[in-house]
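Peer 1: Give me coordinates for this.
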Amino acid sequence: MNSFGKNTEARSLGKVAVLMGGASAERDVSLMSGRGVLQALCSRGVNAHAFDPAHHDLAELKRGGYDRCFIALHGRHGEDGTVQGALELLGIPYTGSGVMASSMSMDKIMTKRIWRAEGLPTPDWRLVASAQETTEALAALGAPMIVKPAREGSTIGLTKVFTPEACAQAYALASRYDPEVLCEQFIEGDETTCPVLGEGAGAYALPVIRIVAPQGNYDYQNKYFTDDTQYHCPSGLPEAEEREIQRLVVQAFRSLGCRGWARADIMIRASDRKPFLLEINTSPGMTGHSLVPMSARALGIPYEDLCLGVLATATLDTPPGATLNPAQGQGQEATTP
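Peer 2: So this is what the prediction gives:
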């Protein structure tokens, strides 16, 4: 039994805003996550309130006397460093990774560049800017190939391409969401995911989840709106494979400077059982179909304790005392020459 979140005193957390919704393509999923988190926190006595940045100015958080934020936003502006930067300026601690780690992790191409530089295994890829370059990437990487926006989540805008004729449509779909489009070598084998909690040397992996989707198609619909996908936790993988995946995801988490919590996706190549890191999610889903709560339960962490524990890790990039407080800043005004 893991004690994560169990010893957290609700009153010590102050007034909490659960940021949910937003204006990204993942708004609907974010609302589901946020409602689940809000209900869990309130059930444990936390003074928590829903806050949708699509409907309210973030400055209202300061005026409303909020002490910390649980970020349940997904996608653009929610997990790409944007809202994190705003909260840094407001001086309100928040859950999850900081500005730079969030920004890098949201950008799949930058993530892969860092992992490759750190010697971590990730599938080969090409950054493309046209349908023609997508066709050329297929010739270089081989079929099937994954085409996806560089900065979206939940498989939005993703296509699995088998033929050159399909490249133009796949590029058109991905480029609707992002001008930077990633073509990635497809790894045939077991699909897995693994959450991480903590920070730095204290970061640790939760149990691995093995995912079996209908026809191997783990898309947006099968992730959130059907019960056809099978999730195995315990994973049923050999113990040595599970340990290696956990080791890799902690390294991946730390290499990007992540903190608090995240979830990394890994494919195990069938031909030689080698694991490959695909991407990392620094604001994981917390819906009824979400995987971090499932993995946490396998370790004896109830959903409510998971939410409390994550909320308790809320912090800022900026160390206390590193910036002027309002009183210090009143003595001299900036002037324009």
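Peer 1: how about the helices in the stretch 151-300 of the chain?
Peer 2: Taking DSSP state H, counting those that start in this stretch, the helices of the stretch 151-300 of the chain run over residues 167-177, 220-224, 239-255, 291-298.
Peer 1: can you pull the buried residues of the first one?
Peer 2: Buried residues in helix 167-177, counted by 16 or more other C-beta atoms under 10 Å: 167, 170-171, 173-175, 177. No exception for glycine: its C-beta is placed from N, CA and C like everyone else's.
Peer 1: The helices of the stretch 151-300 of the chain: which one's closest to residue 84?
Peer 2: Residue 84 lies closest, by C-beta to C-beta, to one member of these: helix 239-255, at 16.4 Å.
Peer 1: Now distance to residue 305 and mean pLDDT too, for the helices of the stretch 151-300 of the chain, in JSON lines please.
Peer 2: Compiled in JSON lines, those are given as follows (distance: least, C-beta to C-beta, whole Å; pLDDT from 0 to 100):
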{"stretch": "helix 167-177", "distance to residue 305": "35", "mean pLDDT": "96"}
{"stretch": "helix 220-224", "distance to residue 305": "23", "mean pLDDT": "47"}
{"stretch": "helix 239-255", "distance to residue 305": "21", "mean pLDDT": "98"}
{"stretch": "helix 291-298", "distance to residue 305": "8", "mean pLDDT": "96"}
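Peer 1: most packed of those helices?
Peer 2: helix 291-298 (a mean of 22; mean count of other C-beta atoms under 10 Å).
Peer 1: Take the helices of the stretch 151-300 of the chain and write them to CSV, including distance to residue 285.
Peer 2: Shown next, in CSV, are the helices of the stretch 151-300 of the chain (distance: least, C-beta to C-beta, whole Å):
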stretch, distance to residue 285
helix 167-177, 18
helix 220-224, 8
helix 239-255, 17
helix 291-298, 7
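Peer 1: closest one to residue 159 among these?
Peer 2: helix 167-177 (3.7 Å).
Peer 1: Name the surrounding residues that touch that closest one.
Peer 2: In this structure, residues lying in contact with helix 167-177 by C-beta atoms under 8 Å, 6 or more residues apart in numbering are 25, 128, 130-131, 134-135, 138, 147-149, 151-152, 156-159, 161, 181-182.
Peer 1: Quick check: phi and psi on the closest residue to residue 149 other than its chain neighbours?
Peer 2: Excluding the flanking residues, the one nearest residue 149 by C-beta to C-beta, 6 or more residues apart in numbering is residue 178, at 3.6 Å. Main-chain dihedrals, residue 178, degrees, to the nearest 10: phi -160, psi 130.
Peer 1: Could you break this protein into its assigned domains?
Peer 2: 10-95, 105-121+187-312, 125-185 (automatic domain parsing).
Peer 1: now the strands for this protein?
Peer 2: 15-19, 47-51, 68-71, 125-128, 145-149, 159-161, 181-185, 189-199, 204-205, 209-212, 230-232, 259-269, 275-281 (DSSP state E).
Peer 1: one step back: let me see the contact set for the residue nearest to residue 149.
Peer 2: 149-152, 157.
Peer 1: Give me the neighbour count for residue 113.
Peer 2: Residues lying near residue 113 (other C-beta atoms under 10 Å) number 15.
Peer 1: Distance check, it against residue 208.
Peer 2: 25 Å (C-beta to C-beta, to the nearest Å).
Peer 1: cool, residue 25 as well?
Peer 2: On the measure of C-beta to C-beta, residue 25 and residue 208 end up 28 Å apart.
Peer 1: Just want the most central residue of this structure.
Peer 2: residue 281 (2.0 Å; C-alpha atoms, centre = their mean).
Peer 1: still on that earlier bit, so for the contacts of residue 178, which is the shakiest by pLDDT?
Peer 2: Summarising pLDDT for the contacts of residue 178: the lowest-scoring member is residue 152, with 78.
Peer 1: check contacts around that residue.
Peer 2: So residue 152 contacts 25-26, 75-76, 177-178 (C-beta under 8 Å, 6+ apart).
Peer 1: repeat for residue 252
Peer 2: 115, 120, 264, 277, 280 are the contacts of residue 252 under C-beta under 8 Å, 6+ apart.
Peer 1: I figured the third one hits residue 193, correct?
Peer 2: Yes - with the criterion set as C-beta atoms under 8 Å, residue 264 and residue 193 qualify as a contacting pair; they are 6.9 Å apart.
Peer 1: Which of the two has more residues huddled nearby?
Peer 2: For residue 264 and residue 193, the more surrounded residue by other C-beta under 10 Å is residue 264, and the numbers stand at 29 against 25.
Peer 1: Where does pLDDT dip in the protein?
Peer 2: Counting by pLDDT under 70, the chain contains low-confidence residues at 1, 153-154, 215-227, 320-321, 323-337.
Peer 1: one more time with 90, if that's ok
Peer 2: 1-3, 5, 7, 24-26, 75-77, 151-156, 213-229, 287-290, 318-337 (pLDDT under 90).
Peer 1: how many neighbours does the residue lying closest to residue 143 once chain neighbours are set aside have?
Peer 2: Using C-beta to C-beta, 6+ apart and skipping the chain neighbours, the partner closest in space to residue 143 is residue 162 (5.1 Å). Neighbourhood size, residue 162 [other C-beta under 10 Å]: 12.
Peer 1: Having no further points to raise, I will conclude here.
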